[in-house]
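whatever this is, show me its structure:
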Amino acid sequence: MHKMTQEDAQKIEQTTGKSPESMEPEELDQALAQAGVVAQPVTPEDAQAMSTAEANDPDPDEEVEAPE
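Take a look at the predicted model:
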């Protein structure tokens, strides 16, 4: 899991042509380095929020598209 600002996500998309949400973890690591973005530390609250969201996902196998 990577935490970043919306501005950082946009910078990655401008640099790579792909949204961070659509990248595999290794690809995102490369994109972060290429764009010069430093991911923010994930807090325990962030991790809990993601776990809760995943647990409540009615269709966990569905791919979620980045908002337009």
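
most remote residue from this protein's center?
P58 (20.2 Å; CA atoms, centre = their mean).

okay, that one: pLDDT?
On the pLDDT scale, P58 is placed at 76.

same check, this time on the one 3 residues further on
D61 carries a pLDDT score of 72 in this model.

how near is it to M4?
Going from D61 to M4 by CB to CB, to the nearest Å gives 25 Å. Glycine gets a C-beta too; all of them are placed from N, C-alpha and C.

who has more neighbours out of the two?
Neighbour count, other CB atoms under 10 Å: between D61 and M4, M4 has more, with 18 against 5.

which stretches of this structure have low pLDDT?
Across the chain, the ranges flagged by pLDDT under 70 are 60, 62-68.

can you give me the strands for it?
Counting by DSSP state E, the chain forms no strands at all.

which residue ranges form the helices in it?
Remark: helices assigned in the chain by DSSP state H are 6-16, 25-35, 44-55.

any chance of these in TSV, plus mean neighbour count?
Listed next are those as TSV, based on neighbours: other CB atoms under 10 Å:
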stretch	mean neighbour count
helix 6-16	15
helix 25-35	14
helix 44-55	10
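
residues contacting the nearest residue in space to T15 that is not next to it in sequence?
Spatial nearest neighbour of T15, chain neighbours left out: A35 (4.2 Å); criterion: CB to CB, 6 or more residues apart in numbering. Residues near A35 by CB atoms under 8 Å, 6 or more residues apart in numbering: D8, K11, I12, Q14, T15, T16.

let's see 6 Å
Neighbour list for A35: K11, I12, T15 [criterion: CB atoms under 6 Å, 6 or more residues apart in numbering].

so which of the residues you listed is the closest to A53?
For the contacts of A35, the residue nearest A53 by CB to CB is I12; the value is 21.5 Å.
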